[in-house]
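J.: Prediction below, plus the sequence it came from.
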Amino acid sequence: MEEITEFLKQEWLLPAHTCLTYTVMAFSIGNGCDGHKNRLSFQVMDFTMTDENRKMKVNEFISVMVMCCCVYQEAAVCKYYGHVAMFIAILIHQRLVQVTSQGGADNSCIILEECIKEKLVKSDVVHLGLLHYSGALFAVIYADLVWLSVYQWTGLAVHSQKCLYQETVELPIAGLVQFIGGFLCRTMLNNMASESRQKWIPFVYATLCTTSHYIIGVSGIHPMPAERCSETGCLTAGWLSSAFVSDTLHIKSIWRQKFEVEEANLRALESPESPPMRWVGRGNQRRRVPVVDRRRRR
């Protein structure tokens, strides 16, 4: 046990301790650790809000903010330990988001495609665009607060990268990589709509983000295009190109699921009620026929 303790005290492991503490704090404050009811944010929402739709939107904002703030920790991990460690960090973060966000923070390109295909409630479209953009914007502030909290509580610190968008190749090459990444991202996610395959979605993001960072110096294939505006157009173009090749989008956001439930309820209200039935006849001639209201006939 003492040998393990001495090993963990080595100086080269201090950034790892800092980054691990960062992850724990980021998800504890924002997304909690045990799903819906134990989350700090949901406890506050349950106390202050009664509108479920508003709760969904607040959850979307918080989930996007937490996911995007993890990018700064992933960049720090890559700086100190390389791309393999970065891959592991992204894998852990994406899995945590998947488990704790209650369906929030879906890929912005999924939301965009569903909007184009009119699979969303119209009143939600503008709100979702603003929530994703503002969540990515506030992630910068949230990341600084978490780094500061880690330092104040533990005395540990890392040299975090302030600007994450420093491409190491020419912009046309960076754009091409983002285009290909967007195409591959939709193609792979579209084959993981079933519940048994969704556990592999974090692996897809970890692979694409790490590969992108290794090639062009930016982890651009991120679920939130607003998180890195410089490649948004190329990534979105690649995604929509995949949508042109394969029109059906099997994977669904919680907002599309909400739309489909409301559509089903509306159709149920519009469809006429089936008349009551009764059995008539005997033997092979026995059958069900509608009950006729004889008072109306008179």
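T.: On my side now, so go ahead.

J.: Can you point out the buried residues in stretch 88-107?
T.: Buried residues in stretch 88-107, defined by neighbour count with 16 or more other C-beta atoms under 10 Å: 89-97, 100-107. (Each C-beta comes from the backbone N, C-alpha and C, glycine too.)

J.: Flag the shaky bits of the stretch 1-150 of the chain, pLDDT-wise.
T.: Low-confidence segments of the stretch 1-150 of the chain (pLDDT under 70): 1-2, 4-5, 7-8, 29-50.

J.: Contacts only, for residue 80.
T.: 15-16, 158 (C-beta atoms under 8 Å, 6 or more residues apart in numbering).

J.: just residue 181 next, same as before
T.: Residue 181 sits next to 208, 211-212, 220-221, 235, 238 when contact means C-beta under 8 Å, 6+ apart.

J.: By pLDDT, give me the weakest of the residues you listed.
T.: Among the contacts of residue 181, residue 220 carries the lowest pLDDT, at 68.

J.: For the stretch 151-298 of the chain, just list every one of the strands.
T.: Taking DSSP state E, counting those that start in this stretch as the criterion, the stretch 151-298 of the chain carries its strands at 277-280, 287-290.

J.: Export the ones you listed as TSV, with columns for mean neighbour count and mean pLDDT.
T.: Converted to TSV, the strands of the stretch 151-298 of the chain look like this (neighbours: other C-beta atoms under 10 Å; pLDDT from 0 to 100):
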stretch	mean neighbour count	mean pLDDT
strand 277-280	10	73
strand 287-290	10	73
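
J.: Between the ones you listed, which one is closest to residue 70.
T.: Comparing the strands of the stretch 151-298 of the chain by their distance to residue 70 (C-beta to C-beta), the top pick is strand 277-280, with 58.1 Å.

J.: residues in contact with that closest one?
T.: Applying C-beta under 8 Å, 6+ apart, the external contacts of strand 277-280 come out as 286-291.

J.: can you do 10 Å?
T.: Where contact means C-beta atoms under 10 Å, 6 or more residues apart in numbering, the residues beyond strand 277-280 that reach it are 286-292.

J.: correct me, but residue 144 touches residue 72?
T.: Yes. Distance between residue 144 and residue 72: 8.6 Å, which falls inside the contact criterion (C-beta atoms under 10 Å).

J.: Tell me who's in contact with the closest residue to residue 189 other than its chain neighbours.
T.: Here the nearest residue to residue 189 in space, its sequence neighbours aside, is residue 251; by C-beta to C-beta, 6 or more residues apart in numbering that works out to 5.3 Å. When contacts are counted by C-beta under 10 Å, 6+ apart, residue 251 is found next to 106-107, 110, 113-114, 186, 189-194, 197-198, 201.

J.: Filter these down to the buried ones.
T.: Buried residues within the contacts of residue 251, counting neighbours by 16+ other C-beta under 10 Å: 106-107, 110, 113-114, 186, 189-190, 192, 201.
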